[in-house]
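**Q** I would like to see how this sequence folds:
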Amino acid sequence: ETLALQAAGETACVRVFDDYPRCFLSAAAEPYRRWIAVSDSLGRVLLLEARTLVILRVWKGYRDAQCAWIDQDGADGEGG
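**A** Here you go, the predicted structure:
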């Protein structure tokens, strides 16, 4: 099955993460859009800073991981 994509216009490339054979499998943005959790084909989970896409943390050995965030009711978005 082939997926056809339509061009949405020109965009600037913010960050290139060229690491063959790594393939990102799932990504989840934190509810306040500060961080992004990503799982890859090499069994790693990466934590990225959403604004700059800088990798903050890498956890190894998590095969077939899926990423998600839990938003605590009443949280103020500042860790409280």
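
**Q** where do the strands sit along the protein?
**A** With DSSP state E, the ranges of strands along the chain come out as 24-29, 35-40, 44-49, 54-60.

**Q** tabulate those strands (TSV), appending mean neighbour count, mean pLDDT and distance to residue 16.
**A** Just so you know, the C-beta spots here come from the backbone N, C-alpha and C atoms, and that holds for glycine as well. TSV is the format used below for the strands of the chain (neighbours: other Cβ atoms under 10 Å; pLDDT from 0 to 100; distance: least, Cβ to Cβ, whole Å):
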stretch	mean neighbour count	mean pLDDT	distance to residue 16
strand 24-29	14	90	13
strand 35-40	19	93	15
strand 44-49	17	94	14
strand 54-60	11	94	13
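
**Q** just list the residues touching the residue lying closest to residue 25 once chain neighbours are set aside, thanks.
**A** Spatial nearest neighbour of residue 25, excluding adjacent residues (Cβ to Cβ, 6 or more residues apart in numbering): residue 39 at 5.0 Å. Neighbouring residues of residue 39 by Cβ atoms under 8 Å, 6 or more residues apart in numbering: 24, 25, 26, 27, 45, 46, 62, 65, 66, 67.

**Q** just list whatever residues bridge to residue 39.
**A** For residue 39, the beta-bridge partners are residue 26, residue 45 (DSSP bridges).

**Q** any idea how far it is from residue 47?
**A** Distance, residue 39 to residue 47, by Cβ to Cβ, to the nearest Å: 11 Å.

**Q** quick check: the closest residue to residue 56 other than its chain neighbours vs residue 70, distance?
**A** Take residue 56 and drop its neighbours on the chain: the residue closest to it by Cβ to Cβ, 6+ apart is residue 47, 4.8 Å away. Distance, residue 47 to residue 70, by Cβ to Cβ: 15 Å.
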